[in-house]
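K.L.:
When you get a sec, could you give me coordinates for this:
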Amino acid sequence: MTVGASLTRVEDLQTQIRQGAVSVTQLVEVALDRIHDPAGQGESTFITTFDEEALALAQQQNQELAKGHPLQALTGVTVSVKDLFDTQGHTTTSGSLVLRQNPPATKDAEVIDRLRQAGAIVVGRTTMTEFAYSGLGLNPHYGTPLNPFERDIGRIPGGSTSGGVISVTDGMATIAMGSDTGGSCRIPAALCGVVGFKSTAARYSQEGVLPLSHSLDSVGFLAPSVACCIAVDQVLAKEEYWQKEVAIDPTLQIGVLQNVVLEGLDADVKSHFERSLQILQAKGAHLHQVHSMAIDRVIEIQGQPRIVAAQAHAQFEEILNTQSEQMDPRIASRIIKGKDVSSAIYIRTMQEREQLIAAWQQEFAGDAVWIMPTVPIIAPRLSELEQDDAYFRINALMLRNPGLFNFLDGCAISIPNHQLGHAPTGLMLVAPAGHDQQLLAIARLIEQQFATSLF
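P.N.:
Below you'll find the model as predicted:
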């Protein structure tokens, strides 16, 4: 059987299961076939796969459904797991060679356990930028999967959840679990044309997740639709879901962030962003320009990269001192810069962060979301990143917009806003910490408007 694109969405595949049009086993077999297709991207997308375990669980779910048991929230939903989440019996390597000798995890990361308890079927662990320290998605150790757009010319997937995004775009999984320290779910989502969600950092447990920056890390995921993200959020968030109605009308206050986020937009990103604003205005949303003094200050002090560098160096200093020759040299060079962040600068930056979070919340008051392009350019070709100066310049450009909201402890989502046949681009919606439900509800509504406006 052939599973169409609509079956990749949680709501659609569960409807098909409920109607008996497809079995859970068939869904898992399709995912595994795509992973192992020698002409596909599976080899550079997955570090390891869980074929036998996934098929056994699928058969178990089929048997339970045949007995009349109801579907769980994620029954039949295939999930890929970024290689920094613990999965019982497997070593968490974070896309690196230096951690391969570590003992296997004795239990799943809490978020992975919650997914399994809700019926999700984990199909394998995906490759990533080493230690999650890049927005480009390259990995010289395990391979770099190629962006689905113009794959023949070799565009990057975006990172650091590079394997995760390709597992979704290529139908190897419905949901990709990832992390986001400076955009690592939103960047690949924008570059590859899917949805990428970054939760408020404290929203989900990070137990069993290898950190890059314990202050700025958050758990996130990539999916075909916002509704899929909501389905996962309802499983992972330890709170009740409200049924508040959200509508696009003049009461929906949307701030269009100015500042640095609109600088250097390439032609595709600029035209798609302008088109997005036109659609929202035509639907009745109240758009107004905002210029954030808090964000100006974050940029001035280089808050996000300063904290990440310092905390990453503390996390991986011993590895740098003893095994740096086995690391991606570009990642090693970024981590070692954390040694230059003095304790005084680090403490002052962390103190000012708290002040800027409060200042941003005051600036945001009265708005539902702020919007901006997720990243300013479309996915570059791998060949454009061969020289270090181009690599670091483009990496900084990719991290620029999304990283602001890790520093400000926001929640954020990237939804596709490109026209069919054009290079994938993303519209990023952001809100302060704790506004995840409202953010997701508004994102779903905007996504629906885009779908009916010839995007």
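K.L.:
how many other residues sit next to Met293?
P.N.:
12 (other Cβ atoms under 10 Å). The C-beta positions use only the backbone N, C-alpha and C, and glycine is treated the same way.
K.L.:
Kindly report the same for Ser342.
P.N.:
Ser342 is flanked by 10 other residues according to other Cβ under 10 Å.
K.L.:
Can you check the pLDDT for the spatially most central residue of the chain?
P.N.:
Per Cα atoms, centre = their mean, the C-alpha nearest to the average position across the chain is that of Cys185, at 1.6 Å. pLDDT for Cys185: 98.
K.L.:
so who does it touch?
P.N.:
161, 164, 178-179, 196-198, 220-222, 414 (Cβ atoms under 8 Å, 6 or more residues apart in numbering).
K.L.:
again with Ala132
P.N.:
82, 84, 94-95, 159-160, 179, 181, 184, 212.
K.L.:
rerun that using 6 Å as the cut-off
P.N.:
Residues in contact with Ala132, defined by Cβ atoms under 6 Å, 6 or more residues apart in numbering, are 160, 179, 184, 212.
K.L.:
Okay, the third one and Trp242: tell me how far apart.
P.N.:
Read that as Ser184. Distance of Ser184 to Trp242, given as Cβ to Cβ, to the nearest Å: 29 Å.
K.L.:
between the two, who's got more neighbours?
P.N.:
Ser184 (38 against 8).
K.L.:
contacting residues for that one?
P.N.:
132, 160-161.
K.L.:
Format the residues you listed as CSV; extra columns: pLDDT and secondary structure.
P.N.:
Output for the contacts of Ser184, formatted as CSV (pLDDT from 0 to 100; DSSP: H, G, I helix; E, B strand; the rest coil):
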residue, pLDDT, secondary structure
Ala132, 98, helix
Ser160, 98, coil
Thr161, 98, coil
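K.L.:
from these, which is closest to Arg353?
P.N.:
Ala132 (20.1 Å; Cβ to Cβ).
K.L.:
Now that closest one. Nearest residue, chain neighbours left out?
P.N.:
Sequence neighbours aside, Ser160 is the residue nearest to Ala132 in space, at 4.1 Å (criterion: Cβ to Cβ, 6 or more residues apart in numbering).
K.L.:
Hmm, that neighbour is touching Glu130, no?
P.N.:
No - applying Cβ atoms under 6 Å as the test, Ser160 and Glu130 come out as separate, 8.4 Å apart.
K.L.:
Looking at those two, which is more packed in?
P.N.:
Ser160 (36 against 30).
K.L.:
where do the helices sit along the stretch 51-200 of the chain?
P.N.:
51-66, 110-117, 162-169, 186-192 (DSSP state H, counting those that start in this stretch).
K.L.:
Which among those is found nearest to Leu146?
P.N.:
helix 162-169 (7.5 Å).
K.L.:
And the pLDDT for Arg116?
P.N.:
Each residue has a pLDDT score; the one for Arg116 is 98.
K.L.:
which residues in the stretch 351-455 of the chain form strands?
P.N.:
369-373, 411-416, 426-431 (DSSP state E, counting those that start in this stretch).
K.L.:
Indicate which one of those is closest to Glu29.
P.N.:
Per Cβ to Cβ, nearest to Glu29 of these: strand 411-416, 28.0 Å.
K.L.:
Who are the packing partners of the closest one?
P.N.:
Packed against strand 411-416, as judged by 3 or more Cβ pairs under 6 Å, 6 or more residues apart in numbering; DSSP states H and E, are the following elements: helix 186-192, strand 195-198, strand 426-431, helix 436-451.
K.L.:
returning to that earlier point: any chance of CSV for the helices of the stretch 51-200 of the chain, columns distance to Ser276?
P.N.:
CSV is the format used below for the helices of the stretch 51-200 of the chain (distance: least, Cβ to Cβ, whole Å):
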stretch, distance to Ser276
helix 51-66, 38
helix 110-117, 31
helix 162-169, 21
helix 186-192, 12
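K.L.:
Would you format those as a markdown table with mean neighbour count included?
P.N.:
Converted to a markdown table, the helices of the stretch 51-200 of the chain look like this (neighbours: other Cβ atoms under 10 Å):
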| stretch | mean neighbour count |
| --- | --- |
| helix 51-66 | 16 |
| helix 110-117 | 20 |
| helix 162-169 | 34 |
| helix 186-192 | 35 |
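K.L.:
Could you list the low-pLDDT ranges of the stretch 201-350 of the chain?
P.N.:
Residue ranges of the stretch 201-350 of the chain with pLDDT under 70: 243.
K.L.:
again, only using 90
P.N.:
Per-residue confidence for the stretch 201-350 of the chain (pLDDT under 90) gives these ranges: 238-251.
K.L.:
Do you have the helices of it handy? List them.
P.N.:
226-236, 267-282, 293-301, 303-323, 329-336, 343-364.
K.L.:
For the second one, buried residues please.
P.N.:
Buried residues in helix 267-282, defined by neighbour count with 16 or more other Cβ atoms under 10 Å: 268-269, 272-273, 275-277, 279-280.
K.L.:
next one: it to chain centre, how far?
P.N.:
The chain centroid and the centroid of helix 267-282 are separated by 22 Å under Cα atoms, centre = their mean, to the nearest Å.
K.L.:
As PDB, could you dump the C-alpha coordinates of it?
P.N.:
Output of helix 267-282 as PDB, limited to C-alpha atoms (Å, rounded to 0.1, in the frame of the first residue of the first chain):
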ATOM      1  CA  ALA A 267      14.200  37.800  -2.300                       C
ATOM      2  CA  ASP A 268      12.200  34.600  -1.400                       C
ATOM      3  CA  VAL A 269      12.100  35.300   2.300                       C
ATOM      4  CA  LYS A 270      11.100  39.000   1.700                       C
ATOM      5  CA  SER A 271       8.300  38.300  -0.800                       C
ATOM      6  CA  HIS A 272       6.900  35.400   1.300                       C
ATOM      7  CA  PHE A 273       6.900  37.500   4.400                       C
ATOM      8  CA  GLU A 274       5.200  40.400   2.700                       C
ATOM      9  CA  ARG A 275       2.600  38.100   1.300                       C
ATOM     10  CA  SER A 276       2.000  36.700   4.800                       C
ATOM     11  CA  LEU A 277       1.400  40.200   6.200                       C
ATOM     12  CA  GLN A 278      -1.000  40.900   3.300                       C
ATOM     13  CA  ILE A 279      -3.000  37.800   4.000                       C
ATOM     14  CA  LEU A 280      -3.300  38.500   7.800                       C
ATOM     15  CA  GLN A 281      -4.400  42.100   7.100                       C
ATOM     16  CA  ALA A 282      -6.900  40.900   4.500                       C
END
